[in-house]
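Below are the sequence and a predicted model; questions follow.
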Amino acid sequence: MGLATIFVYAFFKFAWSYRLFNYFAIMVGAAPPPKQKNTAAAKIFAHRAARLCTDAGRSFNRGQRAFFFALGYLGWFLGPLELALATTGVVIVMWRRQFASESRKAFETDIARVAKTDKP
């Protein structure tokens, strides 16, 4: 039952994420023209679209994490120690991918250094 619950949770998170990303795609197509970019309506539109995309990404991440933890939960079929080890392994892998991966380093750019090189 536990594994089925995790998969149902993941399914609903992925389904909701899919729906929100579709809404976001529709909003991109309905965006105001570039010459109206500084209007209050355009700024509100941009904030709404960004929030929608953020919510979609959050739901997708939660569905993906549920699948990862479902792998750890499989250890339960072997015993409590195996469950603990498998869950610990999943947490370590997820932590490394979230905080210690090469793709994460792309977001660690030194802003002060970049700002200095952009000056004329």
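Now that the structure is in, tell me what you want to look at.

Now do Gly72 against Ala4, distance only.
Separation of Gly72 from Ala4 (CB to CB, to the nearest Å) stands at 15 Å. Any C-beta I mention is one placed from the backbone N, CA and C, and that applies to glycine too.

Dihedrals phi and psi, Pro33?
Pro33 adopts backbone torsions of phi -70, psi 160, taken as degrees, to the nearest 10.

what do you get for the one 4 residues further on?
Reported as degrees, to the nearest 10, the phi and psi values for Lys37 are phi -60, psi -20.

check contacts around it.
For Lys37, the contact set (CB atoms under 8 Å, 6 or more residues apart in numbering) is empty.

Could you shift the numbering so residue one becomes 56, and keep it that way?
Understood, numbering begins at 56; the last thing we discussed is Lys92.

Quickly find the element holding Ala65.
helix 57-84 (DSSP states H and E).

Report the rounded mean pLDDT for that helix.
Throughout helix 57-84, pLDDT has a mean value of 95.

ditto for stretch 118-128
Mean predicted confidence for stretch 118-128 is 91.

From what I see, Thr94 and Ala101 are in contact.
No: using CB atoms under 8 Å, Thr94 is not in contact with Ala101; the gap is 10.5 Å.

Now do the helices in the chain.
57-84, 95-128, 135-154, 157-160, 166-173 (DSSP state H).

Now do the buried residues in the first one.
Spelled out, that is helix 57-84. 61, 64-65, 68-69, 71-72, 75-76, 79, 82 (16 or more other CB atoms under 10 Å).
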